[in-house]
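>>> Predicted model and sequence below, questions to follow.
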Amino acid sequence: MKPLRMILSALCGALLFAGGALAGDSTAEQYLAEMAIIAEALEGISDDASASEAAKAMGAALARLEPISEEMQAWSEAEKMNFVRSYPEEYMGVHMRISRALSLMVQYPERMELFIDHMKNMPRLD
């Protein structure tokens, strides 16, 4: 009987942990959506005019991300890890897209200047 009780206890604990993580799903999805907007804006840069538009789009997305980022910073380490594990492709994918787009922009320092302040405001999970 004792092994059954241990299994049920572990199952209840797992369900409680999953429930806590599920409560943050909308926050996680909003974060990923805003980061995708930033990535798309950066990937669309082809000239100075599109760089200026991308900077505006990035600034607006970062403003919307501010309360989301604050909420995510309040997450426990377990919740942060659960987010990364729950959305590995989306999380890594959007960050890779942003990094790739910025690395292409290095050859245009005048465009890069538009994004330096924005980069300081990028949300972080640590």
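Now that the structure is in, tell me what you want to look at.

>>> Show me what the lengthiest helix in the chain is packed up against.
Longest helix of the chain, by residue count under DSSP state H: helix 48-73. Counting contacts by 3 or more Cβ pairs under 8 Å, 6 or more residues apart in numbering; DSSP states H and E, helix 48-73 is packed against helix 25-43, helix 109-112, helix 116-120. Yep, even glycine has a C-beta here, placed from its N, CA and C like the rest.

>>> In a markdown table: those, plus mean neighbour count, distance to residue 85 and mean pLDDT.
Formatted as a markdown table, the helices and strands packed on helix 48-73 follow (neighbours: other Cβ atoms under 10 Å; distance: least, Cβ to Cβ, whole Å; pLDDT from 0 to 100):
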| stretch | mean neighbour count | distance to residue 85 | mean pLDDT |
| --- | --- | --- | --- |
| helix 25-43 | 18 | 11 | 94 |
| helix 109-112 | 12 | 33 | 90 |
| helix 116-120 | 11 | 26 | 88 |
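
>>> mind checking which of the ones you listed is nearest residue 98?
helix 25-43 (4.9 Å; Cβ to Cβ).

>>> could you check the angle helix 48-73 makes with the closest one?
160 degrees (axes from the mean of the first three to the mean of the last three Cα atoms, to 10 degrees).

>>> export helix 25-43 as CSV, just CAs?
Taking C-alpha atoms only, helix 25-43 is exported to CSV below (Å, rounded to 0.1, in the frame of the first residue of the first chain):
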residue,chain,number,x,y,z
ASP,A,25,1.4,29.9,-20.6
SER,A,26,-0.3,33.1,-21.7
THR,A,27,2.7,35.1,-20.5
ALA,A,28,5.1,32.8,-22.3
GLU,A,29,3.0,32.9,-25.5
GLN,A,30,2.9,36.8,-25.3
TYR,A,31,6.6,36.9,-24.8
LEU,A,32,7.2,34.7,-27.8
ALA,A,33,4.8,36.6,-30.0
GLU,A,34,6.4,39.9,-29.2
MET,A,35,9.9,38.5,-29.8
ALA,A,36,8.7,37.1,-33.1
ILE,A,37,7.6,40.6,-34.1
ILE,A,38,11.1,41.9,-33.3
ALA,A,39,12.7,39.2,-35.3
GLU,A,40,10.4,39.8,-38.3
ALA,A,41,11.1,43.5,-38.2
LEU,A,42,14.8,43.0,-38.1
GLU,A,43,14.7,40.4,-40.8
